[in-house]
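**Q** coordinates only, sequence not included:
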C-alpha cells in the first residue's frame, strides 16, 4: 500500500505508537539500560592506601558543636571549627540546603580532607581549627606542630574558590564533596557525576561495589540530583566514590589540586556556564534536540525574564515553521469535505465489500489530490519537539520559581487541573473549526481530546501550557488560511475569469 493510501485511523495509531515509544524509551534508559563505568577508570596500585572514612567508629559520636555562620549574598554558609568543614550551605534563592540528612546522620561533611592515614585523618577532620573571615574569604587553619593544613574558601558571586595548603602531609590529599542532594528525581539521575575525557559520566550507585577509583582528564566531579549539584571544577587528577549502605547513597572525594572551584547549589544555567559546568545539566538521551531547545528557551527567558513568554515564543516559532504543512493540511481537509457526498455513496455501494470500498476511496482521493498523510503530519513532526520540551521542563531549576496565576510552579502539575481542562477544550474547539467530514474520524478526535486531557493532567504545567498555546495558534492559522488566504485566492481567480470574458 502506498504512503498516501494510509487512512486517518492508521495515522492516529502511528502518532500514538510514536508517543508511547518515546515515553517507553525514556523509562527504559532510566530503569533498565546498562550503566557503564567510565573507560578511563583504573585501579590504584600505589603504596599510598585509600582514605578510610571512619564510618561506624568514632565519627558519629563527635557531632559539631562550635559553628560559625557566614552570609555571602546568594548563600548562607555554616562552618564547624571541629574539622573546618561545612555543616550547612543554603542556596538562598531556592531556600534549599545542600547538606543532606545522610551527611548529618553520619556526621560527614564537605571539605573534610583525607590522606589515607587514619590517625592523621582523624586529627584533620575532628580537631579544632582557627576560623576567620577576611573579606569574602573564610580561612580555616589547623596545626599541631608536626602537620598543618589551611583551607581558604573565597566567595566569587555564584560559586566559591577553594585552595588547600599543607605542611608535613604526603600527597595525594583528597577533599570530600559529600553526598547527593535529595529531591523529586522524576526519572532523572541522582548520584555521582563527572566529566572524564570530555564525556559526562553518570554513575549508578547500585552498580558500585564498595568503592570506585577514577582517574584521567577530569574537569568536574561531584554529586547531583534533578535540580542541584555539589562538587568541584578544575584539573582533577582522580576521584573516589564510596557506596554507603544499601539505600543507594554515595560519597564523592576528589584529589586536591589548586585552585578548585567549589559549587553547591541549583543547576541554574546562568551560573553554571560561567564556570564551565553547564554540561552537568542532564539533557538525557535526546540531547541533540534537548540542549539547543534548552539554550534557546533560556535565551528568551534571560531577555524577557518570564518562562511563560519563553514557552509562548517557542510555540510561535514552531507554528511558523509548521505553517507550510498546516496550509497544505487545511487545503487537504477542505478537499475532503467536498468529497463527503461521494464518499458516502461509495460506503453505501460497497458496504459489503470493505476491500473494494478502500480501493474506490483511494481512487477518489487521487482524483482530487487529497493526501491522508497531510492531516496528521504536522502533529507527528511536533512529537520530537514535544518530548524535547518535556525534558527541558523537567531539568530547568529556574522553573521551580516560575509561577503563573493559580499555578505556583511551571515545573510541577497544575494543582487544580484547570490548565489541562483548558487544553482539552482547545483541542475540541479545533475540531469545530476544522471538522473531519467523516463522522467516525471526527468522533475519534473528540475521544482523543478527552484522553489527552487526562494524560496531561499529571504533566508539568509548562508542558501543558505549550500544548494549549499550540492549539490556540493552530486555530488562528486555520482561520487565517480559510477566511483570508483561500478567499483571496478564489477572489483573484474569479476576477481573472471575468477579465478573460
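**A** Structure received. Model, not experiment: these values are computed from the prediction.

**Q** contacts, neighbours, all on C-alpha from now
**A** OK.

**Q** Which strands border the longest strand seen in the chain, and is each parallel or antiparallel?
**A** Longest strand in the chain by number of residues (criterion: DSSP state E): strand 228-244. Taking DSSP bridges as the criterion, strand 228-244 forms sheet pairs with strand 211-224 (antiparallel), strand 249-255 (antiparallel), strand 260-266 (antiparallel).

**Q** dump the residue contacts of residue 191.
**A** With contact taken as C-alpha atoms under 8 Å, 6 or more residues apart in numbering, residue 191 is in contact with 179-180, 202-205, 223-225, 249-250.

**Q** which one of these sits closest to residue 242?
**A** Here the nearest of the contacts of residue 191 to residue 242, counting by C-alpha to C-alpha, is residue 250; it sits at 5.5 Å.

**Q** thought residue 263 was touching residue 232?
**A** Yes: using C-alpha atoms under 8 Å, residue 263 makes contact with residue 232 at a distance of 6.2 Å.

**Q** Of these two, which one has the most company?
**A** When residue 263 and residue 232 are compared for neighbours, residue 232 comes out ahead with 29 against 24, by other C-alpha atoms under 10 Å.

**Q** Distance of the more buried one relative to residue 101?
**A** Counting by C-alpha to C-alpha, to the nearest Å, the separation of residue 232 from residue 101 is 21 Å.

**Q** Count the residues that sit near residue 275.
**A** Per other C-alpha under 10 Å, the neighbour tally for residue 275 reads 15.

**Q** ok, so what distance separates it from residue 77?
**A** Residue 275 is 20 Å from residue 77, where distance means C-alpha to C-alpha.

**Q** pLDDT weak spots in the protein?
**A** 1-48, 247, 333, 335-336, 368-379, 434-442, 484-501 (pLDDT under 70).

**Q** All the helices of the stretch 301-450 of the chain, residue numbers only.
**A** Secondary structure of the stretch 301-450 of the chain by DSSP state H, counting those that start in this stretch: the helices cover 307-338, 340-349, 354-368, 373-395, 418-433, 439-456.

**Q** quick revisit: let me know the closest of the contacts of residue 191 to residue 479.
**A** So of the contacts of residue 191, ranked by how close each gets to residue 479 (C-alpha to C-alpha), first place is residue 225, at 45.5 Å.

**Q** Tell me how far the closest residue to the closest one other than its chain neighbours lies from residue 179.
**A** Nearest residue to residue 225, sequence neighbours excluded (C-alpha to C-alpha, 6 or more residues apart in numbering): residue 190, at 4.4 Å. Note on residue 190: its distance to residue 179, by C-alpha to C-alpha, is 10 Å.

**Q** So between the two, which is more surrounded?
**A** Taking other C-alpha under 10 Å, residue 190 and residue 179 do not tie; residue 179 has more neighbours (31 against 26).

**Q** Correct me if wrong: the more buried one contacts residue 105.
**A** No: in terms of C-alpha under 8 Å, residue 179 does not count as a neighbour of residue 105; the distance is 11.6 Å.

**Q** Once you drop chain neighbours, what's closest to residue 192?
**A** Counting by C-alpha to C-alpha, 6+ apart, the residue nearest residue 192 is residue 223, at 4.5 Å.

**Q** give me every residue that touches that neighbour.
**A** Residues in contact with residue 223, defined by C-alpha under 8 Å, 6+ apart, are 177-181, 190-193, 229-231, 251-252.

**Q** From those, pick the one nearest residue 239.
**A** The closest of those, once distances to residue 239 are taken by C-alpha to C-alpha, is residue 252, at 7.2 Å.

**Q** Who does the closest one form a beta bridge with?
**A** residue 178, residue 241.

**Q** Please name the residues that touch it.
**A** 176-179, 192, 222-223, 239-242.

**Q** quick one: it and residue 182, what's the gap?
**A** 15 Å.

**Q** Same question for residue 427.
**A** Taking C-alpha to C-alpha, one finds residue 427 at 38 Å from residue 182.

**Q** Any idea which residue is closest to the centre of this protein?
**A** residue 395 (2.6 Å; C-alpha atoms, centre = their mean).

**Q** What is the burial count for residue 274?
**A** Residue 274: 11 neighbours (other C-alpha under 10 Å).

**Q** Surely it forms part of a helix?
**A** Yes: assessed with DSSP: H, G, I helix; E, B strand; the rest coil, residue 274 lies in a helix.

**Q** check contacts around it.
**A** Residue 274 neighbours (C-alpha under 8 Å, 6+ apart): none.

**Q** what's the answer for residue 272, then?
**A** By C-alpha under 8 Å, 6+ apart, the contact set of residue 272 is residue 278.

**Q** From residue 307, how far out is it?
**A** 19 Å.

**Q** related to what we said a few turns ago, give me the beta-bridge partners of the residue nearest to residue 192?
**A** When assigned by DSSP bridges, residue 223 has beta-bridge partners residue 192, residue 230.

**Q** let's number from 45 now, not from 1
**A** With the count now opening at 45, the last piece we talked about shows up as residue 267.

**Q** For residue 121, see how far away it is.
**A** Taking C-alpha to C-alpha, one finds residue 267 at 19 Å from residue 121.

**Q** ok, now residue 94?
**A** 29 Å.

**Q** next one: residue 147
**A** 16 Å.

**Q** Residue 499 too?
**A** Residue 499 sits 43 Å away from residue 121, taking C-alpha to C-alpha as the criterion.

**Q** Those two: which is more packed in?
**A** Neighbour totals were compared for residue 499 and residue 121, and residue 121 leads with 17 against 11 (other C-alpha under 10 Å).

**Q** any idea which helix or strand carries the more buried one?
**A** Using DSSP states H and E, residue 121 sits within strand 119-124.

**Q** With residue 238 instead?
**A** Following DSSP H and E, one finds residue 238 within strand 235-240.
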